[in-house]
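[1] 3D, please:
(one chain, ligands or ions: 1)
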Amino acid sequence: MKPDQVNITDEATRKIADAIDSHELITFTRELVKINTVWDPDAGTCEKPAVLHIADWAERQGFQVELNTVAPGRLNAIVTWPEEIRKSEFGNRNSEIPIPHSEFPKRVLMFEGHTDVVTPGNINTWNYEPFGAKIVDDRIYGRGTNDTKGNLAAMLVAMAALKKSGINLNGSIIGGVLCDEEGDMTGVQDFIRRGHADTVTGAVICEPQDGMLCFTQKGALRVKLTIQGKMSHGAMPLAGLNTAPAIAHLIDGFHQLECDAIEKFGKDKHLGWPSFTPTVILAPFEGEAQLNVMPGEARLLVDIRTVPGQSHDDIRKDIVLLTKTVTEKIREHYRSHDARLNLKRDTRLNIKTDFITDRPCTFTDINDPIVKAADWATRRITGQVPVYAGVPGATDGTYLWASKNIPIITMGAGDREVPHQADEWVNIDQLIETAHIYALTALHYLSGEPA
Ligand SMILES: [Zn+2]
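    Numbers count the residues shown, from 1 in each chain. The predicted structure follows:
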């Protein structure tokens, strides 16, 4: 049997539909939203209480649960069913030579959802209590309803329904309940480091994509540039070395790199244009800025988002070259300026480059069994042809794809523009529909025989 030629009976889908407990899904979502999981050590809030609540719930369903501490207060819960497929069952896998996923003897589906949420910001801008999880008409309001506690509850309720239905699956499911997605993504990195991802053959990233199937996502490369000149009185700029002209040239240079990328790679159908965006300019980057003080050090942060085809290595080389060129240009500018004024200054302005994030863009073949499964499940539940799209931001899925070559599909309930806004909400009907889609995706994916 080929992976996608699966025979799923109406009885199987009915059994699963009957086993999905909508009431429990709503209750579970609200319970999670009411636990403030903003990572804020000063305020004493973190993911831990929510993760322990989930672990408790999952154990009551009869799932195997492993808790991993990523950092103090920050835990991952690994929820597995039917049984964890050990690496040894994959034979003598040499980790240096990755085996194509299609050759794995068993499929392991991962559902991934994160427990952290971003800050509610100024709570005066909210009409609803940010951690109140209030139901008004057909919506639940609160931080995390959309991104992504509703979807996290949906994936777990879907797993519970599959278990309750009593249907035998050819393979197993790992529910990755991960911390720190909104920050440095240390949760997913820890998950990978501990080997949990080694047996995963396909993953559903449970994030608010409004029911669309996102098979691709932009890459991210973030750069911190530190420009070192010399501080002086604003009235005596010749006693120092101003960093401002270097910043101007750098911004110009990044704009040129963006234009070149647009010219060369064009607009991706699902992801849009590549971008090089200077987002933060700080001069000085520490201490108070004063109009009559010429700062000695400045900082420029640049957020680069890439599309398939762009090489991050090439971009890094271009940036190193840009900083070299700008450094030379500015030093030369100061040398000739000083010659004109008959001055002798130390004109050694420096630019230090740090790459602080490097995540490639991801692209899962739409013929991969995980995409086929999500497509079938979406059609079956909604009666509509699925919309294929790209994820504009980065998710934990980026690491699974980049480090372990795991095919990923990002999907879930929730308007895509609502995350991180005030009055965040999720539509209850769409959330219930999502739990059904997740469950049938798993059914389809784990009914096919691996090639
Ligand atoms: Zn999210």
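[2] give me the number of residues near Ala220?
    Ala220 has 18 neighbours, counted by other C-beta atoms under 10 Å. Bear in mind the C-beta positions are built from the backbone N, C-alpha and C, glycine included.
[3] starting at the chain centroid, how far to stretch 273-288?
    When distances are taken as C-alpha atoms, centre = their mean, to the nearest Å, stretch 273-288 is centred 22 Å away from the chain's centroid.
[4] What residues of it count as buried?
    Pro274, Ser275, Phe276, Pro278, Ala283, Pro284, Phe285 (16 or more other C-beta atoms under 10 Å).
[5] Also stretch 37-52?
    Quick answer for stretch 37-52 (16+ other C-beta under 10 Å): Thr37, Val38, Trp39, Thr45, Cys46, Glu47, Lys48, Pro49, Ala50, Val51.
[6] Low-confidence regions, the stretch 51-200 of the chain specifically.
    Within the stretch 51-200 of the chain, the ranges that satisfy pLDDT under 70 run 83-105.
[7] Okay, strands next: where are they in it?
    For the stretch 51-200 of the chain, applying DSSP state E, counting those that start in this stretch gives strands covering 64-71, 74-81, 107-114, 134-136, 139-141, 171-178.
[8] and among those, the most buried is which?
    The highest mean neighbour count among the strands of the stretch 51-200 of the chain belongs to strand 107-114 (a mean of 27), with neighbours defined as mean count of other C-beta atoms under 10 Å.
[9] now that strand, how far from the chain's geometric center?
    Here the centre of strand 107-114 is set off from its chain's centre by 14 Å, with C-alpha atoms, centre = their mean.
[10] Please apply the same query to stretch 39-46.
    Its chain's average C-alpha position is 21 Å from that of stretch 39-46, according to C-alpha atoms, centre = their mean.
[11] next one: stretch 393-403
    Centre to centre, stretch against its chain (C-alpha atoms, centre = their mean), the figure for stretch 393-403 is 6 Å.
[12] next one: stretch 26-33
    Per C-alpha atoms, centre = their mean, the displacement of stretch 26-33 from the mean C-alpha position of its chain is 22 Å.
[13] Restrict that stretch to CA atoms and write it as PDB.
    Once non-C-alpha atoms are left out, stretch 26-33 reads as follows in PDB (Å, rounded to 0.1, in the frame of the first residue of the first chain):
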ATOM      1  CA  ILE A  26     -13.900  24.800  25.700                       C
ATOM      2  CA  THR A  27     -13.300  24.200  29.400                       C
ATOM      3  CA  PHE A  28      -9.700  23.100  28.900                       C
ATOM      4  CA  THR A  29      -9.000  26.100  26.700                       C
ATOM      5  CA  ARG A  30     -10.400  28.500  29.300                       C
ATOM      6  CA  GLU A  31      -8.500  26.800  32.200                       C
ATOM      7  CA  LEU A  32      -5.200  27.300  30.300                       C
ATOM      8  CA  VAL A  33      -6.000  30.900  29.400                       C
END
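[14] List the buried residues for that stretch?
    Ile26, Phe28, Thr29, Arg30, Glu31, Leu32, Val33.
[15] Report the secondary structure state of the fifth one.
    In this case it means Glu31. Under DSSP: H, G, I helix; E, B strand; the rest coil, the three-state class of Glu31 is helix.
[16] please renumber so the chain begins at 761
    With the count now opening at 761, the last piece we talked about shows up as Glu791.
[17] in terms of contact, does it touch His813 like I think?
    Yes: checked against C-beta atoms under 8 Å, the pair Glu791 and His813 is within contact range at 6.6 Å.
[18] any idea how this protein splits into domains?
    770-977+1122-1205, 979-1118 (automatic domain parsing).
[19] Need the winner for burial among the ones you listed.
    Mean neighbour count, computed with mean count of other C-beta under 10 Å, is highest for domain 770-977+1122-1205 among the domains of the chain, reaching a mean of 20.
[20] ok, and does that one reach over to the ion?
    Yes: in this structure, domain 770-977+1122-1205 sits against the ion according to C-beta under 5 Å from the ion; the contacting residues are Asp907, Thr908, Glu967.
[21] so how far is Ala1043 from Pro1055?
    Using C-beta to C-beta, to the nearest Å, Pro1055 is found at 5 Å from Ala1043.
[22] Overlap in contacts, the two.
    Thr1003, Ala1049 (C-beta atoms under 8 Å, 6 or more residues apart in numbering).
[23] Spatially central residue for the protein, please.
    Residue closest to the average C-alpha location in the chain (C-alpha atoms, centre = their mean): Thr1155, at 1.3 Å.
[24] Return the residues in contact with that one.
    Shown here is Thr1155, whose contacts under the criterion C-beta under 8 Å, 6+ apart are Glu941, Ile965, Glu967, Gln977, Thr1170.
[25] just Leu1101 next, same as before
    Leu998.
[26] For it, give me the pLDDT.
    Leu1101 is assigned a predicted lDDT (pLDDT) of 95.
[27] and if you look at Leu792?
    Looking at Leu792, its pLDDT reads 98.
[28] ok now stretch 1075-1087, how far from the chain's centre?
    Per C-alpha atoms, centre = their mean, the centroid offset for stretch 1075-1087 relative to its chain is 28 Å.
[29] Pull the residues that contact that stretch.
    By C-beta under 8 Å, 6+ apart, the list of residues contacting stretch 1075-1087 from outside reads 981, 983, 985, 1006, 1009-1010, 1013-1014, 1017, 1064, 1066, 1109-1111, 1113, 1115.
[30] and the residues you listed, which of them are in strands?
    Judged by DSSP state E, those include Leu981, Val983, Leu985, Ile1064, Thr1066, Asn1110, Ile1111, Thr1113, Phe1115 as members of strands.
[31] quick one, what contacts the nearest residue to the fifth one once chain neighbours are set aside?
    What sits nearest to Thr1066 in space, not counting adjacent residues and going by C-beta to C-beta, 6 or more residues apart in numbering, is Gly979, at 3.8 Å. Neighbouring residues of Gly979 by C-beta under 8 Å, 6+ apart: Arg1065, Thr1066, Val1067, Gln1070, His1072, Arg1119, Pro1120, Cys1121, Thr1122, Ala1154, Thr1158.
[32] Would you check how far apart Gly979 and the ion are?
    According to C-beta to the ion, to the nearest Å, Gly979 stands 17 Å off from the ion.
[33] How about Ala1058?
    When C-beta to the ion is the yardstick, Ala1058 and the ion sit 33 Å from each other.
[34] Give me the subset of the contacts of Thr1155 that lies in strands.
    Assigned to strands by DSSP E, the following of these qualify: Ile965, Gln977, Thr1170.
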